[in-house]
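Colleague: The sequence and its predicted three-dimensional model are supplied below.
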Amino acid sequence: MNPETRCVLALAFATAVPSLLPAQVAEAPAAATAVDDAPRPAALLAFPKDTGPRDAAVKTHPEVVPTVEASLRWLLAHQGPDGRWDADAFHKEVDTDPRLGKGRATHDVGLTGMVLFALAREGKAAKGDARRTALEKGARWLCEQKGENGLLGTPTAVDHAYDHAIATLGLCSAALVTDDADTLAAAKAAVAHLLARRNPYAVWRYGMRDNDNDSSVTTWATLALLAGREAGIDVDPAVWRPVRIWFQAVTTAEGQAGYTRAGERSSRRAGDHAVQFPPEHGEAMTAAALLVRSALGETTADDGVLGKSIALLADKPPKWDPSGGCIDTCYWFFASEAFRHAGGDARTPWCRELVAALVKGQ
């Protein structure tokens with residue numbers, strides 16, 4: 001299991017489980033309560049209120065608290081001395097089993113952004129706190145990776161759009177909890193670059209306004225922009241309409257959303273990747289579409305198809321089964337966040353299955 005996957009697992013626990021508890025969902029800031037005049041049900045970052053999400057979690061899922069805290073400690077222990085989370089060299093920082101797999105150096109920017117997002121979801125921390133120090137160091141390293149055009153990192157991999165979007169999400173999150181001016185400035189530049197990459201009258205994929213679009217990159221880009229707006233960054237509201245149109249277009253009447261077209265399954269790499277991780281075991285793109293559309297204010301009352309999307313996710317809950325190719329942490333994260341935004345009775349059994357799967361797999 002490579003470090004990118006491990007960090008998504010930690011992210012899922014550190015964010016999705018507590019935020020699925022209704023009493024702990026933070027309200028959206030007054031200045032960011034609408035997207036194109038459509039109310040947004042909850043803040044993207046869902047910072048805990050004064051009581052904290054753990055108080056509610058321990059009443060319903062007592063195993064969550066130590067598991068989340070262990071996940072956060074793992075993330076803190078694997079931060080490099082320069083502030084990054086190093087995808088292909090994380091074994092140097094902590095004595096772990098090298099057989100667990102390495103990531104790719106090209107993803108250091110995105111990996112660091114993902115960890116910052118997970119740490120920031122815990123809320124603000126006092127100066128000198130280990131989590132606050134890690135956030136500041138990680139954000140400083142990301143700021144140093146910013147080019148003149150606002151791009152975070154070097155686009156040596158074809159899928160660097162993911163890294164930039166997730167790094168932008170992390171920077172915006174860190175800016176909001178550290179109140180650091182340099183981090184906010186870098187986040188603003190990263191948001192501007194992300195907006196400049198979007199296809200005219202459409203959404204995002206790998207290139208710069210290359211008229212190619214997909215649901216996966218678009219989801220991360222949208223989450224980054226929502227986090228930026230929450231951090232006080234000016235985001236042109238005109239961007240939300242083409243995003244909504246895209247996800248409506250790729251969602252079938254049965255509620256299943258697609259990767260580049262209606263109903264298309266998630267992408268897999270060449271070779272036996274699809275055999276090891278059959279895309280039909282999950283509904284990652286359906287979860288992504290439901291998350292974005294719900295976060296932008298759509299409800300099942302507006303579009304009955306969204307109710308069918310919820311049913312599709314509920315029918316494929318998380319299961320920790322390494323032998324069966326069912327572990328899709330990206331799907332679990334998107335779906336958990338989608339349930340939080342969409343609400344309804346289905347999130348309770350989903351949360352129960354998520355807790356069982358992640359506790360078993362830790």
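Modeller: That came in fine, so what should we check first?
Colleague: What ranges in this structure fall below the confidence cut-off?
Modeller: Counting by pLDDT under 70, the ranges of the chain that qualify are 1-60, 91-102, 269-270, 272-275, 279.
Colleague: In this model Asp88 seems to touch Leu111, though I could be wrong.
Modeller: No: assessed by C-beta atoms under 8 Å, Leu111 is found out of contact with Asp88, at 9.9 Å. C-beta here means a position set from N, CA and C on the backbone, and glycine is covered the same way.
Colleague: neighbour-wise, which of those two wins?
Modeller: Ranked by neighbour count (other C-beta atoms under 10 Å), Leu111 and Asp88 place Leu111 first, with 30 against 16.
Colleague: Under a three-state scheme, what state does the more buried one occupy?
Modeller: helix (DSSP: H, G, I helix; E, B strand; the rest coil).
Colleague: Ok, Ala87 next?
Modeller: coil.
Colleague: Name the nearest residue to it, ignoring sequence neighbours.
Modeller: Distances taken as C-beta to C-beta, 6 or more residues apart in numbering place Gly103 nearest to Ala87, at 3.1 Å, with adjacent residues excluded.
Colleague: Does the one you found lie in a helix or a strand, and which?
Modeller: Gly103 belongs to no helix or strand when assigned by DSSP states H and E.
Colleague: now it: how far from Asp303?
Modeller: As judged by C-beta to C-beta, to the nearest Å, Gly103 and Asp303 stand 38 Å apart.
Colleague: Compare these two and say which is more crowded by neighbours.
Modeller: Between Gly103 and Asp303, counting by other C-beta under 10 Å, Gly103 is the more crowded of the two (21 against 15).
Colleague: Check the gap between the more buried one and Ala89 for me.
Modeller: Here Gly103 is placed at a distance of 9 Å from Ala89 (C-beta to C-beta).
Colleague: Who are the contact partners of Gly304?
Modeller: Contact partners of Gly304, counting by C-beta atoms under 8 Å, 6 or more residues apart in numbering, are absent.
Colleague: Please, where are all the helices along the stretch 151-300 of the chain?
Modeller: Taking DSSP state H, counting those that start in this stretch to define them, one finds helices in the stretch 151-300 of the chain at 160-178, 181-197, 215-230, 240-249, 273-276, 284-295.
Colleague: wait, which of these is closest to Ser323?
Modeller: Among the helices of the stretch 151-300 of the chain, the nearest to Ser323 by C-beta to C-beta is helix 273-276 (10.4 Å).
Colleague: helix/strand/coil for Glu69?
Modeller: Following three-state DSSP, the label given to Glu69 is helix.
Colleague: Can you give me the distance of it to His341?
Modeller: The gap separating Glu69 from His341 is 25 Å, by C-beta to C-beta.
Colleague: I figured Ile357 hits Lys316, correct?
Modeller: Just to correct that, residue 357 is Ala rather than Ile. No: under the criterion of C-beta under 8 Å, Ala357 is not in contact with Lys316, lying 12.0 Å apart.
Colleague: burial measure for Lys127, as a count.
Modeller: Using other C-beta under 10 Å, Lys127 has 8 neighbouring residues.
Colleague: and if you look at the one 10 residues further on?
Modeller: For Lys137, the neighbour count with other C-beta under 10 Å is 18.
Colleague: Gly147 now?
Modeller: Neighbour number of Gly147 under other C-beta under 10 Å is 13.
Colleague: List the contacts of it.
Modeller: With C-beta under 8 Å, 6+ apart as the criterion, no residue contacts Gly147.
Colleague: could you redo the last one with a cut-off of 10 Å?
Modeller: Contact partners of Gly147, counting by C-beta atoms under 10 Å, 6 or more residues apart in numbering, are 153-155, 189-190, 193.
Colleague: and what of Asn213?
Modeller: Going by C-beta under 10 Å, 6+ apart, Asn213 touches 198-199, 202-205, 242, 246, 249-250, 260-261.
Colleague: Make JSON lines from these and add distance to Leu116 to it.
Modeller: Converted to JSON lines, the contacts of Asn213 look like this (distance: C-beta to C-beta, whole Å):
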{"residue": "Arg198", "distance to Leu116": "23"}
{"residue": "Asn199", "distance to Leu116": "27"}
{"residue": "Ala202", "distance to Leu116": "29"}
{"residue": "Val203", "distance to Leu116": "24"}
{"residue": "Trp204", "distance to Leu116": "21"}
{"residue": "Arg205", "distance to Leu116": "24"}
{"residue": "Pro242", "distance to Leu116": "28"}
{"residue": "Trp246", "distance to Leu116": "27"}
{"residue": "Ala249", "distance to Leu116": "32"}
{"residue": "Val250", "distance to Leu116": "29"}
{"residue": "Thr260", "distance to Leu116": "29"}
{"residue": "Arg261", "distance to Leu116": "33"}
